[in-house]
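K.L.:
Please find the sequence and the predicted model below.
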Amino acid sequence: MKMKAIAALAAVSLVGCAGSGDKPASVERMYVIECGENHVKDLSRWTPGINVGTPHVFGDGSVVIKSTPGHTPGHQSLFVRLPKRGPVLLSGDMVHLAYSWNNRIVPSFNSDIAQSGRSIDAMQEFTLKTGAVLWINHDKEQQASIPKAPAYVE
């Protein structure tokens, strides 16, 4: 289960520059890797329940882990502020299809259906507040429109 919890997050590689002086660090680009490829070991910072809702990686809020339990008890999604593309929310397994997101449909196999619904509601409110676009890990149509490594998104 631990590998599944990080599999969605492992499908993304972030490149940033270290901050210096009064200039904060930020994300320069994001590489999206096809789901199921390039598995990495858990580095603890993406372990369910760790660093939830706090600035991650660069410490400037450009990458934030969002708690989205329901699919699994400790499920998390990843919010990334990209310099050109703008903010995106990587769904992980919070929802599987754009249709599910748009119609608040929760799969019956999720560990907690009611909690899944609350996570969807919270992330819909979050995307409205931040202007983030939800990138749904399992939505084939949407994924086809997102560049994959070695290409990247800025």
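P.N.:
Thanks, I have it.
K.L.:
Just the buried residues of the longest helix seen in the chain, please?
P.N.:
When the chain is parsed with DSSP state H, its longest helix is helix 113-130. For helix 113-130, burial by neighbour count (16 or more other Cβ atoms under 10 Å) applies to 115-116, 119-120, 123, 126-127. For glycine as for every other residue, the C-beta is placed from the backbone atoms N, C-alpha and C.
K.L.:
what's the answer for stretch 71-79, then?
P.N.:
By neighbour count on 16+ other Cβ under 10 Å, the buried set for stretch 71-79 is 71-72, 74-79.
K.L.:
Taking those residues together, which two end up most distant?
P.N.:
Maximum pairwise distance in the buried residues of stretch 71-79, criterion Cβ to Cβ, is 18.7 Å, between 72 and 79.
K.L.:
The closest residue in space to residue 116 that isn't next to it in sequence in helix, strand or coil?
P.N.:
Nearest residue to residue 116, sequence neighbours excluded (Cβ to Cβ, 6 or more residues apart in numbering): residue 70, at 2.9 Å. Using DSSP: H, G, I helix; E, B strand; the rest coil, the secondary structure recorded for residue 70 is coil.
K.L.:
what does the model give residue 70 for pLDDT?
P.N.:
The score at residue 70 is 90. That number is its pLDDT.
K.L.:
list the contacts for it?
P.N.:
Contact analysis of residue 70 by Cβ atoms under 8 Å, 6 or more residues apart in numbering lists 94, 106, 110-120.
K.L.:
Kindly export the strand or helix carrying residue 101 (C-alpha atoms) in CSV.
P.N.:
Secondary structure from DSSP states H and E places residue 101 in helix 98-103. Coordinates of each C-alpha in helix 98-103 appear next as CSV, following Å, rounded to 0.1, in the frame of the first residue of the first chain:
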residue,chain,number,x,y,z
ALA,A,98,-12.9,14.3,-15.3
TYR,A,99,-16.5,13.1,-15.4
SER,A,100,-16.2,11.9,-11.7
TRP,A,101,-14.7,15.2,-10.7
ASN,A,102,-17.4,17.2,-12.5
ASN,A,103,-20.2,15.1,-11.0
